[in-house]
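Asker: got a predicted structure plus its sequence, pasted below:
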Amino acid sequence: MELTRFFRENGRWMAEVRKRGRDVLRDALINKGSAFDDDERQALGLRGLLPERQATVDLQVQRVIEALARRNTDLGRYEELADLHDRNETLFFRVLLARLQDLMPIVYTPTVGEASLKYSQIFHRGRGRWITPKHRGHMADVLREVQGDIRLIVVTDNERILGLGDQGAGGMVIPIGKLALYTAAAGIHPSQTLPVSLDVGTDNKRLQEDPMYLGYRHPRLRGAEYDEVVEEFVHAVREAFPRALLQWEDFKKGNAIRLLDRYRKILPSFNDDIQGTAAVALAGMLAAGRACGRSPSQERVVILGAGAAGIGIANQIRAAMRRDGLGGDNLRSAIALLDSQGMLRGDREYADSYKLEYVWPMEFAAQKGLGSPDTLPDLHAVVAALEPTTLIGTSGVAGTFPEKVVREMARHVEAPAIFPYSNPTSKAEATPVDLMEWTEGRAYVATGSPFEPVAYGDDEIVRISQGNNVYIFPGVGLGALAVEASQVTDSMFTAAALRLVELVSDADLAVGALYPPLSQLREITHRIAIAVAEEAIREGVAVEPTDGVAEAVASWMWEPEYPEIRPT
Ligand code: NAD
């Protein structure tokens, strides 16, 4: 028998609660802290456990904001918020929504990266589920111990945490942060979400040697042993939570692409690093195209970095070009990718099979002047030969869009779209200030990390958009859940991107912004979810809900209000 059961009645969230006394205050999903009224205090055995006065939720929000202001560092503010999250979820989400733009960099990147690095030092309380190889044979039981009607799981194996590599047990902060954004943006009720860390060991020497390290102390499992853990986990999810959607997060590129392919038809699942990034990049390209009158079939795209993000972006952009009528060799030559060695060209060996689709055959490269057998074309050579309209950076390496390359691009294109997407800020391929300078203010710029607006010329202030995946994944997840899609298809991501572009106003474009302001995130997510759900129905991976799509989506969107509690 569950100790707390959540359900919706007339649009309101209710909680049937069997707990009493301090156990109520320790349950973050039902705890209201000083906001419990006298009747609730009486019924739940809380008399005398709280100071006399009943606080309003607004007063509680104010108290948290003051507590955050007393902290001197972002990591301190992260810890303050993490404690609140573990103490009182409703209040946590009230605060997060009240200050979304300020707090998003704390609950997610960049501060979450620091929290990951120091995880074993700042650990207070476990959240979510760690699955380790010790749970082999029992993973379904471990998951069944989770209370609640879990519908959304974010899972990481901790190997590629942001740009920070293998963080072992500390990677858990990523699913936690991502799910916090889900609830903030899409209103998925926190009782329906579950962060999971597949802790299969770590090859991070620093962690292995740290006496305080809290994770599974073992070299990272690889090969068949690793695959067995993932396989059992996926089946355990299907058994314990048959209606759940699974989001793969921060897996290293080989596993990321492989696992997505293997499991996307077995259970509804997607990989935000690949597919979410792709949709947000496509939306950015389409918005820039809208601003300067370029259709997808008129774009020529160069992507620096042929990993999970770069390949995902290439797939989405190619699909958009195909829809716009491009085919055959024209389609093929419209996109070129480079990795750390140079252009993906037919005279190289490729260990990563996912790159093969974007390898240019030699005769083809030769037709474009990129066929010299002596040297593999670098970014400058590719830009000079192809005269791209859009240049995207997913290399993870700072400074890889140098002045010479950008000036070369700007010589051929009136309004170049340039997206240095690598994170964190220090890894950006170029800074917006430099890009504006080198293109005489003509570029449309979107970045991976947040950047300040750029002053250009006498009176022009250019807003720099952040190509943040948070524009996309909450709407995709919400749309898929609302219609119980059996799969999350690439077309659903395309639908999300197209809807996002519609939400960019002419006023946004006029100041150089390619995405709408993040302050509109809830509304954006709502609208994207509807487009995603409609696409799922069109594709036949979901059926039309009886009350219609808009109603189904709206009914999922929880506003952070304290539940009405029914003691049982
Ligand atoms: P990844 O490791 O899968 O891929 C990196 C790719 O870059 C590899 O193909 C590698 O060969 C290539 N590369 C490395 N050094 C290079 C160099 N000097 N020149 C050219 N190519 C080089 O990583 P990923 O998951 O694809 O992420 C890449 C970057 O994109 C990261 O910095 C990440 O933060 C960023 N990213 C941004 C967003 C976003 O802004 N929305 C989303 C996802 C990823």
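Answerer: Looks like it arrived, so ask away.

Asker: my guess is residue 392 is in a strand, correct?
Answerer: Yes. With DSSP: H, G, I helix; E, B strand; the rest coil as the criterion, residue 392 is assigned to a strand.

Asker: so how far is the ligand from it?
Answerer: 9 Å (CB to the nearest ligand atom, to the nearest Å). For every residue, glycine as well, the C-beta is placed using N, CA and C.

Asker: burial count for residue 2?
Answerer: When counting by other CB atoms under 10 Å, one arrives at 11 neighbours for residue 2.

Asker: look up how far residue 18 lies from the nearest residue to it once chain neighbours are set aside.
Answerer: The shortest distance from residue 2 to any residue other than its chain neighbours is 5.5 Å, reached at residue 147 (CB to CB, 6 or more residues apart in numbering). Applying CB to CB, to the nearest Å, one obtains 11 Å for the distance of residue 147 from residue 18.

Asker: mind pulling the model confidence for the residue in the stretch 201-350 of the chain positioned nearest to the ligand?
Answerer: Nearest to the ligand, among the residues of the stretch 201-350 of the chain, is residue 307, at 1.8 Å (CB to the nearest ligand atom). As predicted, residue 307 sits at a pLDDT of 94.

Asker: same deal with residue 441?
Answerer: So, for residue 441, pLDDT stands at 94.

Asker: same thing with the one 10 residues further on?
Answerer: At residue 451 the predicted local confidence, pLDDT, stands at 92.

Asker: OK, contacts around the closest residue to it other than its chain neighbours?
Answerer: In this structure, residue 451 finds its nearest non-sequential neighbour in residue 464, 4.4 Å apart by CB to CB, 6+ apart. The contact partners of residue 464, taken as CB atoms under 8 Å, 6 or more residues apart in numbering, are 432, 445, 446, 447, 451, 452, 453, 454, 512, 513.

Asker: and residue 464, how close does it get to residue 475?
Answerer: Taken as CB to CB, the span from residue 464 to residue 475 is 23 Å.

Asker: now do residue 11
Answerer: 21 Å.

Asker: so the two - more neighbours on which side?
Answerer: residue 475 (32 against 8).

Asker: now the helix or strand hosting the more buried one: buried residues?
Answerer: Per DSSP states H and E: residue 475 is located in helix 473-482. The neighbour-count check on helix 473-482 (16 or more other CB atoms under 10 Å) flags 473, 474, 475, 476, 477, 478, 479, 480, 481, 482 as buried.

Asker: would you check that the fifth one makes contact with residue 246?
Answerer: Translated: residue 477. No. Residue 477 is beyond contact range of residue 246, at 10.1 Å (criterion: CB atoms under 8 Å).

Asker: start and end of stretch 354-366, how far apart?
Answerer: 23 Å (CA to CA, to the nearest Å).

Asker: what's the one helix or strand residue 523 maps to packed up against?
Answerer: Using DSSP H and E, the element containing residue 523 is helix 521-539. Taking 3 or more CB pairs under 8 Å, 6 or more residues apart in numbering; DSSP states H and E as contact, the helices and strands that helix 521-539 lies on are helix 173-186, helix 473-482, helix 490-502, helix 549-556.

Asker: what's next to it, contact-wise?
Answerer: So helix 521-539 is contacted by 97, 100, 184-187, 470-472, 474-476, 478-480, 482-483, 485, 489, 491-492, 494-496, 498-500, 502-503, 516, 542-544, 549-550, 552-554, 556-557 (CB under 8 Å, 6+ apart).

Asker: hmm, try it at 7 Å
Answerer: 100, 185-186, 470-471, 474-476, 478-480, 482-483, 485, 489, 491-492, 495-496, 498-500, 503, 516, 542-544, 549-550, 552-553, 557 (CB atoms under 7 Å, 6 or more residues apart in numbering).

Asker: now do stretch 305-317
Answerer: By CB under 7 Å, 6+ apart, stretch 305-317 touches 253, 256-257, 273-275, 277-279, 281-282, 285, 301, 303, 335, 337-339, 344, 354-355, 358, 392-396, 421, 490, 493-494, 497.

Asker: just those residues: which are in helices?
Answerer: If you go by DSSP state H, these have 253, 256-257, 277-279, 281-282, 285, 490, 493-494, 497 in helices.

Asker: and which of those is nearest residue 151?
Answerer: residue 493 (19.6 Å; CB to CB).

Asker: and the pLDDT for the nearest residue to that closest one once chain neighbours are set aside?
Answerer: Spatial nearest neighbour of residue 493, excluding adjacent residues (CB to CB, 6+ apart): residue 279 at 4.2 Å. In this model, residue 279 is scored at 98, pLDDT.

Asker: show me what contacts residue 279?
Answerer: Counted by CB under 7 Å, 6+ apart, residue 279 has contacts 316, 472, 493, 496, 497.

Asker: against residue 503, how distant is the residue nearest the centre of the chain?
Answerer: Nearest to the mean C-alpha position of the chain, by CA atoms, centre = their mean, lies residue 469 at 4.7 Å. Distance, residue 469 to residue 503, by CB to CB: 16 Å.

Asker: got it, and residue 170?
Answerer: Distance from residue 170 to residue 503, by CB to CB: 35 Å.

Asker: chain center to the helix or strand containing residue 314, what's the gap?
Answerer: According to DSSP H and E, residue 314 maps onto helix 308-323. Remark: helix 308-323 is offset 18 Å from the chain centroid, using CA atoms, centre = their mean, to the nearest Å.

Asker: name the residues of that helix that are buried.
Answerer: In helix 308-323, counting by 16+ other CB under 10 Å, buried: 308-321.

Asker: kindly report the same for stretch 403-422.
Answerer: Under 16+ other CB under 10 Å, the buried positions of stretch 403-422 are 405-406, 408-410, 413, 415-422.

Asker: ok, which of the residues you listed also contact the ligand?
Answerer: When contact is defined as CB under 6 Å from any ligand atom, these meet the ligand at 421, 422.

Asker: residue 199: which of the buried residues of stretch 403-422 is nearest?
Answerer: residue 422 (27.0 Å).

Asker: so what's that closest one up against?
Answerer: Listed by CB under 7 Å, 6+ apart, the contact set of residue 422 reads 393, 394, 395, 396, 397, 428, 429, 448.

Asker: one more pass at 6 Å, please.
Answerer: 393, 395, 396, 428, 429, 448 (CB atoms under 6 Å, 6 or more residues apart in numbering).
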